[in-house]
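Participant: only geometry, no sequence info:
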């Protein structure tokens with residue numbers, strides 16, 4: 001039984017889970033923010049260096065490659081989260097799970113790469129019709145395998161609750177490799193093919209260097225012996241997730257494909273920038289989901305469902321609290337941000353706002369997909385993903401034909417909303433998990449107040465100075481409104497405890513440096 005601490009009445013196991021997830025969110029949010037900044041810088045460098053048409057060719061090829069990034073691991077990264085934590089100290093079994101993850105990724109990656117290379121000519125004829133497209137796709141095919149290996153590196157670290165390790169590989173080094181390759185290739189005058197080659201060289205170095213680092217950091221040595229005994233459990237979990245991921249490609253990324261098929265290369269470039277900005281709004285959900293899967297897997301294995309439900313509610317409310325101000329900023333100042341990429345990119349403002357509606361719904365229900373997988377309902381999620389994939393493909397096709405670029409965003413936003421709405425109902429039906437209560441209205445009300453203040457300042461105080469003042473007053477309004485409405489005890493626990501912990505760590509570091517300086521070290 002969990003014991004309660006006298007100062008706040010929160011059970012110890014819930015406290016530990018919330019602080020673990022909260023710390024992972026802090027570490028991840030920093031990494032995510034850096035990743036988004038580096039990704040945005042990469043897209044800016046390429047957009048300025050290539051021009052609208054060539055950049056559109058690159059953007060279309062890159063988005064297709066990103067779809068394969070979702071498939072190359074065949075569900076093995078999610079399976080690592082399910083079993084490395086639940087298996088505890090069984091080092092032999094953990095080694096076999098990791099070995100299967102690497103082997104599966106390599107086999108599937110080579111197959112996907114071969115298919116992409118063989119189909120590059122047909123895809124070029126059917127879409128952008130540009131001579132640089134097939135060789136670019138060929139190089140990106142190699143990148144699929146390399147990124148798959150790096151994702152397994154990060155997945156192993158994440159499964160043992162090392163948020164820093166996962167952030168280092170997936171959120172810092174991977175985007176840094178892209179930025180360095182893009183900047184270097186553009187500076188020396190390479191075309192889009194040269195940029196793709198630079199990506200491959202950098203990612204190969206990261207994949208090779210990462211393996212010994214992961215083994216040393218986790219103590220888990222991948223094993224290929226005895227895989228037959230482990231394969232059934234492994235693929236019973238990863239197989240449905242892989243099929244689910246394939247369904248989600250059609251559900252959440254069919255917009256990219258249809259923009260390339262039905263619209264122009266220039267429209268593909270605009271939509272690519274929209275997706276870059278939308279990715280900023282996903283940071284809170286992704287950050288809190290960093291360590292929630294292994295924590296949820298452990299609580300589920302120990303049959304602590306009441307604790308899991310309380311953690312789910314608290315974490316989801318924290319996600320909403322963090323995402324609402326980001327959405328308000330992008331809605332009010334999105335057009336100005338898009339204009340920074342060039343005057344043609346302001347055409348993406350309406351698609352951006354439409355897409356953000358889906359982000360709000362997806363964030364408001366929290367980690368529904370992960371919780372279905374961590375509670376062994378991966379087959380239900382697979383069926384739902386495919387059902388909605390078909391629906392989304394039909395809707396998005398109709399919306400793009402009717403509304404153009406905004407239709408692509410509308411189809412995806414509807415898919416995200418329906419997917420997450422059904423998933424939260426399934427979680428309640430299967431496991432009794434339900435995150436919502438009246439406290440969720442407080443961040444929503446604070447967001448409306450902050451958005452109104454920023455909108456008023458945007459209309460009355462134009463220019464960069466107006467944006468700066470609007471952001472400052474908007475943030476102050478949001479925090480002030482939230483505090484006046486009342487902060488939940490669990491939210492206060494996470495923020496207060498982690499802030500105190502970081503202050504102590506910073507103070508200790510400063511004192512240690514001063515001590516070394518005083519000794520003349």
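Facilitator: Perfect, thanks for sending it. Remember, it's a predicted structure, so these values are computed and weren't measured experimentally.
Participant: going forward, measure contacts between C-alpha atoms and count neighbours the same way
Facilitator: Fine.
Participant: next, count neighbours for the spatially closest residue to residue 210 that is not a sequence neighbour.
Facilitator: Of all residues not flanking residue 210 in the chain, residue 153 sits nearest, at 6.6 Å (CA to CA, 6 or more residues apart in numbering). Using other CA atoms under 10 Å, residue 153 has 26 other residues around it.
Participant: what's the per-residue pLDDT of residue 153 here?
Facilitator: At residue 153, the pLDDT value in this model is 96.
Participant: mind listing what it touches?
Facilitator: Contact analysis of residue 153 by CA atoms under 8 Å, 6 or more residues apart in numbering lists 166, 169, 210-211, 214.
Participant: now these in CSV, with secondary structure and neighbour count?
Facilitator: CSV is the format used below for the contacts of residue 153 (DSSP: H, G, I helix; E, B strand; the rest coil; neighbours: other CA atoms under 10 Å):
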residue, secondary structure, neighbour count
166, helix, 25
169, helix, 23
210, helix, 17
211, helix, 16
214, helix, 19
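Participant: show me where pLDDT drops low in this protein?
Facilitator: 1-8, 87-88, 251-253, 520-521 (pLDDT under 70).
Participant: what's the helix or strand for the most centrally placed residue in it?
Facilitator: Closest residue to the average C-alpha location of the chain: residue 286 at 4.8 Å, with CA atoms, centre = their mean. Per DSSP states H and E: residue 286 is located in helix 283-288.
Participant: check the offset of the helix or strand that that helix is followed by from the chain's centre.
Facilitator: With elements assigned by DSSP H and E, the helix or strand that comes after helix 283-288 is helix 292-301. Its chain's C-alpha centre and that of helix 292-301 lie 19 Å apart, by CA atoms, centre = their mean, to the nearest Å.
Participant: likewise for stretch 206-221?
Facilitator: In terms of CA atoms, centre = their mean, the centre of stretch 206-221 is found 23 Å from the chain centre.
Participant: then stretch 459-469?
Facilitator: 31 Å.
Participant: now it: buried residues?
Facilitator: Under the neighbour-count criterion of 16 or more other CA atoms under 10 Å, stretch 459-469 has 466-467 buried.
Participant: one step back: show me what the helix holding residue 286 packs onto, helices and strands only.
Facilitator: Counting contacts by 3 or more CA pairs under 8 Å, 6 or more residues apart in numbering; DSSP states H and E, helix 283-288 is packed against helix 12-50, helix 305-339.
Participant: can you lay out these as a markdown table showing distance to residue 157 and mean neighbour count?
Facilitator: A markdown table is the format used below for those (distance: least, CA to CA, whole Å; neighbours: other CA atoms under 10 Å):
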| stretch | distance to residue 157 | mean neighbour count |
| --- | --- | --- |
| helix 12-50 | 12 | 20 |
| helix 305-339 | 22 | 21 |
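Participant: tabulate those (JSON lines), appending distance to residue 200.
Facilitator: JSON lines is the format used below for the helices and strands packed on helix 283-288 (distance: least, CA to CA, whole Å):
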{"stretch": "helix 12-50", "distance to residue 200": "15"}
{"stretch": "helix 305-339", "distance to residue 200": "29"}
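Participant: make CSV from the contacts of residue 153 and add distance to residue 129 to it.
Facilitator: What follows is the contacts of residue 153, written out as CSV (distance: CA to CA, whole Å):
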residue, distance to residue 129
166, 38
169, 35
210, 37
211, 39
214, 42
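Participant: which two in those are spaced the farthest apart?
Facilitator: 166 and 211 (13.1 Å; CA to CA).
Participant: contacting residues for residue 249?
Facilitator: Residue 249 is in contact with 67, 70, 389, counting by CA under 8 Å, 6+ apart.
Participant: let me fix that: residue 476
Facilitator: Under the criterion of CA under 8 Å, 6+ apart, residue 476 has no neighbours.
Participant: what helix or strand does it sit in?
Facilitator: Residue 476 is part of helix 463-485 when elements are defined by DSSP H and E.
Participant: what's the angle from that helix to helix 305-339?
Facilitator: Per axes from the mean of the first three to the mean of the last three CA atoms, to 10 degrees, the angle that helix 463-485 makes with helix 305-339 is 160 degrees.
Participant: next, the angle from the next helix or strand after helix 463-485 to helix 305-339.
Facilitator: Using DSSP H and E, the helix or strand that follows helix 463-485 towards the C-terminus is helix 489-519. In terms of direction (the same axes, to 10 degrees), helix 489-519 departs from helix 305-339 by 70 degrees.
Participant: the inter-axis angle of helix 489-519 versus helix 12-50?
Facilitator: Helix 489-519 and helix 12-50 are oriented at 70 degrees to each other (the same axes, to 10 degrees).
Participant: which one of the contacts of residue 249 has the most neighbours?
Facilitator: residue 389 (24 neighbours).
Participant: where does that residue sit: helix, strand or coil?
Facilitator: Secondary structure, DSSP: H, G, I helix; E, B strand; the rest coil: residue 389 is helix.
Participant: distance of it from residue 403?
Facilitator: Plainly put, residue 389 is 20 Å away from residue 403 if you go by CA to CA, to the nearest Å.
Participant: same check, this time on residue 268
Facilitator: As for residue 268, its distance to residue 403 is 15 Å (criterion: CA to CA).
Participant: same check, this time on residue 189
Facilitator: As judged by CA to CA, residue 189 and residue 403 stand 38 Å apart.
Participant: ditto for residue 505
Facilitator: 53 Å.
Participant: check residue 183 too.
Facilitator: Residue 183 sits 35 Å away from residue 403, going by CA to CA.
Participant: looking at those two, which one has more neighbours?
Facilitator: Ranked by neighbour count (other CA under 10 Å), residue 183 and residue 403 place residue 183 first, with 18 against 12.
Participant: isn't that one up against residue 43?
Facilitator: No - contact criterion CA atoms under 8 Å: residue 183 and residue 43 do not qualify, at 10.2 Å.
Participant: now do the same contact list for the residue nearest to residue 435 when sequence neighbours are not counted.
Facilitator: Nearest residue to residue 435 in three dimensions, chain neighbours excluded: residue 313, at 4.0 Å (CA to CA, 6+ apart). Taking CA under 8 Å, 6+ apart as the criterion, residue 313 is in contact with 434-436.
Participant: with residue 474 instead?
Facilitator: Residue 474 sits next to 450-451, 453-454 when contact means CA under 8 Å, 6+ apart.
Participant: one more time with 6 Å
Facilitator: By CA atoms under 6 Å, 6 or more residues apart in numbering, residue 474 lies in contact with 450, 453-454.
Participant: leaving out chain neighbours, which residue sits closest to it?
Facilitator: Spatial nearest neighbour of residue 474, chain neighbours left out: residue 450 (4.6 Å); criterion: CA to CA, 6+ apart.
Participant: and residue 130, helix, strand or coil?
Facilitator: Per three-state DSSP, the local secondary structure of residue 130 is coil.
Participant: look up how far residue 405 lies from it.
Facilitator: From residue 130 to residue 405 the distance is 21 Å (CA to CA).
Participant: who's more crowded, the two?
Facilitator: Between residue 130 and residue 405, residue 405 has the larger neighbour count (other CA under 10 Å), namely 24 against 13.
Participant: how far away is residue 28 from residue 370?
Facilitator: The spacing between residue 28 and residue 370, counted by CA to CA, is 17 Å.
Participant: try residue 475
Facilitator: 31 Å.
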